[in-house]
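**Student:** below are the sequence and a predicted model for it; my questions follow.
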Amino acid sequence: MSDPAPIVNAPPVPPRHIGIIMDGNGRWAAAKGLPRLEGHRRGAERLIEIVDACIDGGIGVLTVFAFSAENWKRPLEEVSGLFKLGEWVLRAHLARLEKRNVRLRVIGDVSALPEFVRTPLEDVVASTRHHTGLTLVVALNYGARQEIVSAAQSLAADVAAGKLLPAAVDWSTIEARLQTAGLPDPDLIIRTSGEFRLSNFLLLQSAYAEIVFASVFWPDFDKAQLQLALAEYAKRERRFGLTGEQIQVPAKA
C-alpha cells in the first residue's frame, strides 16, 4: 500500500470583494491643525490610490463607506462640504474611471442627496454600467439596519399580496432584496483609525468576512497599508463551519 499523499494548506486566494470603512479623516486633520474638510479631501485622494491598487491586485469588488445614514447629524457645514467634495471627485476622476474600466455602483438612499451631487453620480453609474473591470460600490446615505428593514418590508408586502409564501423565504430570497444583490459577499472588511466596530456597514453581507482593523487614519492608509491588510487576510484560515483538516488539500505528487 502506498503512503498517503502529504496534506498541505491550500494556497491563499485573494479576496474577491473588499469592504472599507474609511474612518479618521477628521481626526487626521485635527492632529495636523487642519480643517476637518481638508482631512476629507485628503481621504478622497487616498481612495483613488486604493482603487488603483485594487485594480492592479485583481480585486473584483471594492465597497467603501463614504457617508452613513447617521452622518446627517454632523455640522451642516461639514455635511455640505462632503457633498461638494464628492461632486468634485466624480468630475475630476471620471476619465480615470473610464480608462480603467471601473463600474460604479451606489448603495444607500441616493434620493435624499442634494441634486448637484446626485445627478452627476447617477450619470457616472449609467455611463459605466457596462464596464467589466473593478466594481466600485460607494455606500452613500447607507445604513445596514435601514437596508434590512427595507428588505423585510418588501418581503412582507409580497407575502401579504399572496406573491410569496412565508415558507419560501430563505437566505437567497432575502439576499436578493439587499442593495448588494448580484455582488459576492465581502471576504475582507477593513476599518481604519483604530476603531473596532462595523458601525452599521454591510452587517448581513459580512457574516463570514475576515475583519482587519488598521491603526492609521484613512488619509494615511496607502498601498503599503493595503498590502499589510491583505497579508493578514492571507494568514486567516477560512473554514465556513468546516474543520481545518477538511479545508486542507493533498499535495501534488
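**Tutor:** That came in fine, so what should we check first?
**Student:** show me where the protein has strands.
**Tutor:** Ranges of strands within the chain are 7-8, 17-21, 61-68, 103-107, 135-142, 188-191, 210-213, 249-250, based on DSSP state E.
**Student:** tell me who's in contact with Val117.
**Tutor:** With contact set as Cβ atoms under 8 Å, 6 or more residues apart in numbering, Val117 has these partners: 83-84, 86-87, 90. The way it works is simple: take the backbone N, C-alpha and C, and place the C-beta from them, glycine included.
**Student:** again, only this time at 6 Å
**Tutor:** The contact partners of Val117, by Cβ atoms under 6 Å, 6 or more residues apart in numbering, come to 83, 86-87.
**Student:** quick check, central residue of the protein?
**Tutor:** Nearest to the geometric centre of the chain sits Thr63, at 2.2 Å (Cα atoms, centre = their mean).
**Student:** spit out the contact partners of that one.
**Tutor:** 19, 137.
**Student:** which stretches of the stretch 1-150 of the chain have low pLDDT?
**Tutor:** Applying pLDDT under 70 to the stretch 1-150 of the chain flags residues 1-12.
**Student:** helices of that one, start to end?
**Tutor:** 25-31, 36-56, 76-99, 115-127, 144-160 (DSSP state H, counting those that start in this stretch).
**Student:** kindly reformat these as JSON lines containing distance to Gln179.
**Tutor:** Below are those laid out as JSON lines (distance: least, Cβ to Cβ, whole Å):
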{"stretch": "helix 25-31", "distance to Gln179": "24"}
{"stretch": "helix 36-56", "distance to Gln179": "20"}
{"stretch": "helix 76-99", "distance to Gln179": "18"}
{"stretch": "helix 115-127", "distance to Gln179": "13"}
{"stretch": "helix 144-160", "distance to Gln179": "6"}
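**Student:** among the ones you listed, which is nearest Glu70?
**Tutor:** Between Glu70 and those, the shortest gap by Cβ to Cβ is with helix 144-160, which sits at 9.9 Å.
**Student:** just to revisit the earlier point, closest to Phe217 out of the helices of the stretch 1-150 of the chain?
**Tutor:** Closest among the helices of the stretch 1-150 of the chain, using Cβ to Cβ: helix 25-31, at 3.8 Å.
**Student:** tell me, how many residues neighbour Trp28?
**Tutor:** For Trp28, the count of nearby residues is 24 (other Cβ atoms under 10 Å).
**Student:** show me what contacts it?
**Tutor:** By Cβ under 6 Å, 6+ apart, the neighbours of Trp28 are 39, 217, 219.
**Student:** specify which member of these is nearest to Phe240.
**Tutor:** Phe240 lies nearest to Phe217 out of the contacts of Trp28, by Cβ to Cβ, at 32.7 Å.
**Student:** and the gap between that closest one and Glu122?
**Tutor:** 31 Å (Cβ to Cβ, to the nearest Å).
**Student:** and the two? which has more neighbours close in?
**Tutor:** Taking neighbours as other Cβ under 10 Å, Phe217 and Glu122 compare with Phe217 leading, 25 against 14.
**Student:** quick one on the thing from earlier: can you redo the contacts of Trp28 as TSV with distance to Gly194?
**Tutor:** Shown next, in TSV, are the contacts of Trp28 (distance: Cβ to Cβ, whole Å):
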residue	distance to Gly194
Gly39	15
Phe217	8
Pro219	14
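**Student:** tally of neighbours for the closest residue to Gly81 other than its chain neighbours?
**Tutor:** Of all residues not flanking Gly81 in the chain, Leu37 sits nearest, at 4.4 Å (Cβ to Cβ, 6 or more residues apart in numbering). As a burial measure, Leu37 scores 18 neighbours (other Cβ under 10 Å).
**Student:** which residues touch Ala168?
**Tutor:** Contacts of Ala168 (Cβ under 6 Å, 6+ apart): none.
**Student:** again with Gln225
**Tutor:** Ala214.
**Student:** measure it to Leu202 for me?
**Tutor:** As judged by Cβ to Cβ, Gln225 and Leu202 stand 20 Å apart.
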